[in-house]
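[1] Structure here, sequence nowhere to be found:
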């Protein structure tokens, strides 16, 4: 009997089959807190559609990066880190394209080989609520101005992505 493929934990989170502390969600992406963070507020942004490499789905990946930028702003507004590192690396553990966001406080170096720390459900809930509360500030445009929630790309980038999609 052949081995069954291991279910994708990120797909299960996106489908709501596994609980997660979601800080942002739209039709294509989900951002949630890492349960073994290397820093306070460490988040993961994933596409809801399963694929392993960012170049497998260029338009969806573009949306993931735009959402990542938005979540970075939410983290900065709510948790006040010095900066937020972004990491895009293939993962052997979860072969589902994702972006990791690491808030940095003081002398912390969350991308170094430091050990991840198991966060309590109460800590994750408080951090999640704090980040989600920043959503109002992020998407609120000044009176008389409208701000799109969808990522904006230049016409040149749109032509490039359409051409790439046609070639594939």
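    That came through, no problem. Owing to the predicted nature of the structure, the values given are computational and were not obtained by experimental measurement.

[2] list the buried ones in the longest helix along the chain?
    In the chain, assigned by DSSP state H, the helix with the most residues is helix 58-79. Residues of helix 58-79 classed as buried: 58, 60-68, 70-72, 74-79 (neighbour count, 16 or more other C-beta atoms under 10 Å). For glycine as for every other residue, the C-beta is placed from the backbone atoms N, C-alpha and C.

[3] Which strands or helices does that helix pack on?
    Packing partners of helix 58-79 (3 or more C-beta pairs under 8 Å, 6 or more residues apart in numbering; DSSP states H and E): strand 22-25, strand 29-33, strand 43-47, strand 83-87, strand 99-104, helix 121-133, helix 135-139, helix 155-167.

[4] Dead centre of this structure: give me the residue that sits there.
    The residue lying closest to the centre of the chain (C-alpha atoms, centre = their mean) is residue 45, at 1.5 Å.

[5] what's the distance between the closest residue to residue 18 other than its chain neighbours and residue 30?
    What sits nearest to residue 18 in space, not counting adjacent residues and going by C-beta to C-beta, 6 or more residues apart in numbering, is residue 12, at 4.3 Å. Per C-beta to C-beta, to the nearest Å, residue 12 is found 11 Å from residue 30.

[6] ok, residue 82 - contacts?
    Going by C-beta atoms under 8 Å, 6 or more residues apart in numbering, residue 82 touches 104, 105, 106.

[7] make that residue 54, sorry
    Counted by C-beta under 8 Å, 6+ apart, residue 54 has contacts 61, 64, 88, 97.

[8] same deal with residue 49?
    Neighbouring residues of residue 49 by C-beta under 8 Å, 6+ apart: 28, 57, 60.

[9] coming back round to it: quick one, the longest helix of the chain and strand 29-33 angle?
    For helix 58-79 against strand 29-33, the angle by axes from the mean of the first three to the mean of the last three C-alpha atoms, to 10 degrees is 30 degrees.

[10] for helix 58-79, the distance to its chain's centre please.
    Computed by C-alpha atoms, centre = their mean, to the nearest Å, the chain-centroid distance of helix 58-79 equals 6 Å.
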